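>>> Below: sequence and its predicted model.
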Amino acid sequence: MNVRVMNAAVAKTVAPDKPAAAAPAHIAATGLAVDFPLEGRKQRVLNDINIAVPKGSFVSLIGPSGCGKSTLLKVMAGLVTPSEGTMTVAGLSPQEAVNARLIGLVFQEATLLPWKNAIENAAFLLMTADETIKKSEAFDRAAAMLKLVGLDGAEKKSPSQLSGGMRQRVAIARALALDPEVLLMDEPFGALDAITREEMSECLLDIWERTNKTIVLVTHSIDEAVFLSREVHVMGTGPARIIETLPITVPHPRTEESYSDPAFTAAENRLRSLLIESHKKGRR
Amino acid sequence: MTDMTAGSPAASWASHRFWRGLYNVLPALALSVGVVVVWEAVIRLFKVPTFVLPAPTAIVESLIANWGSLAFAAQATALEVLFGFVLSAVVGVLVALVIVRFERFGRALYPLIVLFQNVPKVALAPIFILWFGYGLAPKILLIVVIAFFPVAIDMLAGLQSVEPSFVSLMRSVGASKSKIMLRVRIPHSLPHLMAGLKVAITFSVIGAIVGEFAGANQGLGYVIQFASTQLDTPLIFAALIVVSVLGLAFYYIVEFAERWLVPWAPKFDPIHSAG
């Protein structure tokens, strides 16, 4: 309750219970809860999640470790079944959305097949999802996506010849080759160094602007969340839930200069204090 | 040495590689020559009877004198190893696939396999001879019970070593369990499988020799046993050399197959592995 009262004091904050925007939600959760079995008992890892992601938006989930942000992403991807409440993606259940090939996934590890080169990896999921697609068509699409992520010319390289950042670009191209409506990313740049991270953020922003996908990003990085998102959902532990939804008003197009924008700094400070607070609570 | 690399570009590259290769095997070669020289010297100096320990020269003499029968025996043993190894590989792979694919059955099967692994296989040889006679069958069976285990265990480790996020990725495009198995798990397990096969091929040679000890009328194990009843120690050693060469050849065939089948597998360097 305290959180609710405190939230009301911040003018920019949207109450988490209400849909964030007037636009129809592309991804929506109501009263969502997830229990995992732990040593024979049920452990609640997500509680009363209400979230609405407008179509074509870029939304981040941020919070301390163990706050269930990855689990929430997995529910969206149909990999985890909710124990209570509902989750819809484009009006469908996540499992239906998977079958309709609406979902693209990117993880922290690029998880490329070491025996396939870049373009074969980029085409791999598309060819797995669609058995009827011609190899040439799949490869054309994969090549186009590799170009989009800035990897043209590296099509024939094997994963061991690519840097961490380049491998992650292939993973993004692989997800985009499916032409999904929704791109779900779980700390995609978590294993990269700071400069590569910023480079990849700009690349991702560029992809989002060009493809108009709905993107949900799970991240630990405040910078990354503010730079990329339209809206940041801050999650807290015990029980894991969304404690605040913060719209990011930094103007588009966002560039290197955006980092010093007053709106950027304000959002950054707000997120930092929220995270510090929820971190302290988590420790208690 | 660098002078010798001069010449046409192709030749200089080849000779460069040759000298590099020679340099790499030089320590092992020098040590081997040293051991042989000391061995020969000790035998001559202390006049050790040949039936106790023959000198290297005596072994080579026996090797040349008995070349025909040794080659014939090697052929018989090689056939047993080949059949036994291939069957071990098939059984090992199938066991691993069944354990992973049918989880509940796997839970029942796995402890039994581990239990069976602790039965001394050498002790089974007389039973197999009793059941199947002196032919090829008991040797192949003995090889399989000895050599399928490393294949099964390594394949199992390989199938389970796939990153969970990869399985999630496949599930996110609606891939079935069988499809994940076929496209991701099995190819991922190949480097592990090859490691298991390398252990299995050396076990196969041991299995064949033990099988021949227990009862046979041909093969290198039979030659060793026959020679020992005649106190023909040089022939025993000559047969041992042939067994070693045979085992080494089989091992390198598997290693060659590994390089060809799984070029992406991390290279195994036994000396520098810690660095």
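Arrived safely, thanks for sending.

>>> who in the stretch 151-275 of chain B is up against chain A?
B:163, B:165-166, B:168-175, B:179, B:183-184, B:187, B:262-264 (Cβ under 8 Å from any Cβ of the partner chain). From N, CA and C alone the C-beta is placed, and that goes for glycine too.

>>> Of those, which count as buried by neighbour count?
B:165-166, B:168-175, B:183-184, B:187, B:262 (16 or more other Cβ atoms under 10 Å in any protein chain shown).

>>> Dump those to CSV, plus distance to B:L141 and pLDDT.
As requested, those are exported to CSV (distance: Cβ to Cβ, whole Å; pLDDT from 0 to 100):
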residue, distance to B:L141, pLDDT
B:S165, 42, 88
B:F166, 38, 90
B:S168, 43, 90
B:L169, 43, 90
B:M170, 39, 91
B:R171, 41, 89
B:S172, 46, 88
B:V173, 44, 87
B:G174, 44, 85
B:A175, 39, 87
B:R183, 35, 90
B:V184, 34, 90
B:P187, 31, 91
B:V262, 29, 87
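
>>> got the residues you listed as TSV, with secondary structure columns?
Shown next, in TSV, are those (DSSP: H, G, I helix; E, B strand; the rest coil):
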residue	secondary structure
B:S165	helix
B:F166	helix
B:S168	helix
B:L169	helix
B:M170	helix
B:R171	helix
B:S172	coil
B:V173	coil
B:G174	coil
B:A175	coil
B:R183	helix
B:V184	helix
B:P187	helix
B:V262	coil
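
>>> What are the phi and psi values at A:D35?
phi -110, psi 140 (degrees, to the nearest 10).

>>> Show me where the stretch 151-284 of chain A has its helices.
Assigned by DSSP state H, counting those that start in this stretch, the helices in the stretch 151-284 of chain A fall at A:164-177, A:194-211, A:222-228, A:262-283.

>>> brain fart, chain B
B:9-46, B:56-65, B:67-101, B:103-117, B:125-132, B:136-160, B:164-171, B:177-180, B:186-214, B:220-229, B:233-261 (DSSP state H).

>>> cool, and the stretch 1-150 of chain A?
A:2-9, A:69-76, A:94-99, A:118-129, A:135-148.

>>> What residues does residue 192 make contact with?
You didn't say which chain, so I picked chain A. A:G164, A:G165, A:Q168, A:M200 (Cβ atoms under 8 Å, 6 or more residues apart in numbering or on different chains).

>>> oops, chain B please
Applying Cβ under 8 Å, 6+ apart, the residues contacting B:H192 are B:D154, B:M155, B:A157, B:G158, B:S161.

>>> Could you measure from the nearest residue to it once chain neighbours are set aside over to B:F166?
Spatial nearest neighbour of B:H192, excluding adjacent residues (Cβ to Cβ, 6 or more residues apart in numbering or on different chains): B:G158 at 3.0 Å. Distance from B:G158 to B:F166, counting by Cβ to Cβ, to the nearest Å: 13 Å.

>>> I'd like to know how many residues surround the nearest residue to A:C67 once chain neighbours are set aside.
Closest residue to A:C67 apart from its sequence neighbours, by Cβ to Cβ, 6+ apart: A:M235 at 4.2 Å. Counted with other Cβ atoms under 10 Å in any protein chain shown, residues neighbouring A:M235 total 24.

>>> so how far is A:G66 from A:M235?
10 Å.

>>> ditto for A:A123
Distance from A:A123 to A:G66, by Cβ to Cβ: 36 Å.

>>> okay, the helices of the stretch 1-150 of chain A in a markdown table with distance to chain B, mean neighbour count and mean pLDDT next?
Formatted as a markdown table, these follow (distance: least, Cβ to the nearest Cβ, whole Å; neighbours: other Cβ atoms under 10 Å in any protein chain shown; pLDDT from 0 to 100):
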| stretch | distance to chain B | mean neighbour count | mean pLDDT |
| --- | --- | --- | --- |
| helix A:2-9 | 32 | 11 | 41 |
| helix A:69-76 | 7 | 23 | 91 |
| helix A:94-99 | 5 | 19 | 89 |
| helix A:118-129 | 4 | 23 | 92 |
| helix A:135-148 | 13 | 18 | 92 |
